[in-house]
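A.B. asks: Sequence first, predicted coordinates after that:
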Amino acid sequence: MLSSIIKKGLLSNNPLTRIPRYASTSGQQTVLVVLYEGGDAGKRNKNILGCVENALGLPKWIKENNLENRLKLVVTSDKQGENSVVEKTLPEASVVISQPFWPCYLDNKRIDKAKNLKLAITAGVGSDHVNLEAACKRGITVAEVSGSNVVSVAEHVVMQMLALVRNFIPAYKQVINGEWDIAQIADKARDLENKHIGTVAAGRIGLRVLQRLKPFNVHLHYYDKFRLDKSIEKDLNVKYHSNVESLVKECDIVTINCPLHPETEHMFNKKMISLMKKGSYLVNTARGKIIDRDALVDAIKSNHLEGYAGDVWYPQPASKDHPWRSMPRHAMTPHYSGTTLDAQARYAAGVKEILENWLNGRPQREEYLIVDKGRVVSNAYTEGDATKGHSGNK
């Protein structure tokens, strides 16, 4: 059900909160917030901040900070089609807040339409739903709440590895279906210990995955554009690979933890997947578009890969007939790894901080900035457009 919340508010003019070289905003600004529907759970649980019903806590924040005359808040889940709330609101929006779990794709067409857009905020981590190249050209600031859900995602990665290796999903289905066939489950159930496990990227999430895997007595591997400090490599006893191809050839399990941008789009295509060890597993909680959809299905059906798990799809939400839903030996979930209740509290607070800094003309935290002053400033991204192909589901 479509939900829309519109609020107005007033910002304090205390000059002590201002930094002269950053211009503060004046007049009423429209903030378009695109979130998923909370349904009964969202109405019952006010800690589900990432849904329309609770709106990141922004209505309460606006009221408590007397922002009624400075902000016009439009909160909606309606993002598809020319008559959607998103399309109707974009021309007046100064700020668009979206999230990876229910992304509002800001492609070139939408950015052209949003003539007043100055700031795009990701409530969470991952700003690939924004055409960064177009944002650079327009001088639109793109920011995300870096670090807000890295623990949440890292834990999800380990959980899904265990679900695959221990053959948990078929075992669970036996219980639900009233069955008891131990041999059928044990046929593909293995230990995690002594397996070679590699992460593609060892940034905030990838490093935490490695740290959580160390107690399992596994052999750790990683690839990243930026090599870890020698002391960290020694502590984790992790092997560095200078390219992804080298890593996938050695590993029994590969986990993808890099952002989506033009350099990583379809990185795991038919050729890359063919280099993986026969019978290996692939876990992807990064972005669905990093993997070639059909090449993955073929690899699972041909038994080249033993299993696949992840929570990311492209586009999102995934269509009912998405082939990953029905392929064998998967442990897929909807995209929720980074939106636990703990993570939601963190990224909701981060969104408010970014908005407050913008309103007061204060600089943003460097680690939050993806695009600033017409250029990509985050080492995790490259300038370009990763939004193409989403049009069936904006």
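C.D. replies: Received the coordinates, thanks.

A.B. asks: by contact count, what packs against the longest helix along the chain?
C.D. replies: Secondary structure assigned by DSSP state H gives helix 341-360 as the longest helix of the chain. Here helix 341-360 touches helix 58-64, strand 93-98, strand 119-122, helix 150-165, going by 3 or more CB pairs under 8 Å, 6 or more residues apart in numbering; DSSP states H and E. Where you see a C-beta, it was placed from the backbone N, CA and C, and this is true even at glycine.

A.B. asks: For Pro317, find the nearest of those.
C.D. replies: Nearest of these to Pro317, taken as CB to CB: strand 93-98 at 13.5 Å.

A.B. asks: per-residue confidence averaged over the closest one?
C.D. replies: Averaging pLDDT along strand 93-98 gives 98.

A.B. asks: got it, and stretch 124-132?
C.D. replies: Throughout stretch 124-132, pLDDT has a mean value of 92.

A.B. asks: And it, end to end?
C.D. replies: Stretch 124-132 has an end-to-end distance of 17 Å (criterion: CA to CA, to the nearest Å).

A.B. asks: ok, now stretch 233-242?
C.D. replies: Taking CA to CA, stretch 233-242 runs 14 Å from one end to the other.

A.B. asks: Could I get the buried residue list for that stretch?
C.D. replies: Neighbour counts using 16 or more other CB atoms under 10 Å place 233, 236, 238-239, 241 of stretch 233-242 among the buried residues.

A.B. asks: swap in stretch 372-385?
C.D. replies: Under the neighbour-count criterion of 16+ other CB under 10 Å, stretch 372-385 has 372, 376, 378, 380-381, 383-385 buried.

A.B. asks: possible to save the residues you listed as CSV with distance to Glu92, pLDDT and secondary structure?
C.D. replies: Shown next, in CSV, are the buried residues of stretch 372-385 (distance: CB to CB, whole Å; pLDDT from 0 to 100; DSSP: H, G, I helix; E, B strand; the rest coil):
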residue, distance to Glu92, pLDDT, secondary structure
Asp372, 23, 96, strand
Val376, 27, 94, strand
Ser378, 28, 92, coil
Ala380, 31, 83, coil
Tyr381, 28, 81, coil
Glu383, 27, 73, coil
Gly384, 28, 70, coil
Asp385, 24, 69, coil
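
A.B. asks: Pick the one among these closest to Met161.
C.D. replies: Taking CB to CB as the measure, Met161 lies nearest Ala380 of those, at 23.0 Å.

A.B. asks: tell me the contacts of the closest one?
C.D. replies: Contact partners of Ala380, counting by CB atoms under 8 Å, 6 or more residues apart in numbering, are 203, 258-259, 370.

A.B. asks: so of these, which ones are in strands?
C.D. replies: Those of the contacts of Ala380 mapping onto strands are Ile370, per DSSP state E.

A.B. asks: Export the strand or helix carrying Gly307 to CSV, keeping only CA atoms.
C.D. replies: For Gly307, the element it lies in under DSSP states H and E is strand 305-310. Output of strand 305-310 as CSV, limited to C-alpha atoms (Å, rounded to 0.1, in the frame of the first residue of the first chain):
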residue,chain,number,x,y,z
LEU,A,305,29.2,-24.6,-8.8
GLU,A,306,27.9,-26.6,-5.8
GLY,A,307,25.8,-23.7,-4.5
TYR,A,308,25.1,-20.0,-4.4
ALA,A,309,23.9,-17.7,-1.7
GLY,A,310,23.3,-14.0,-1.3
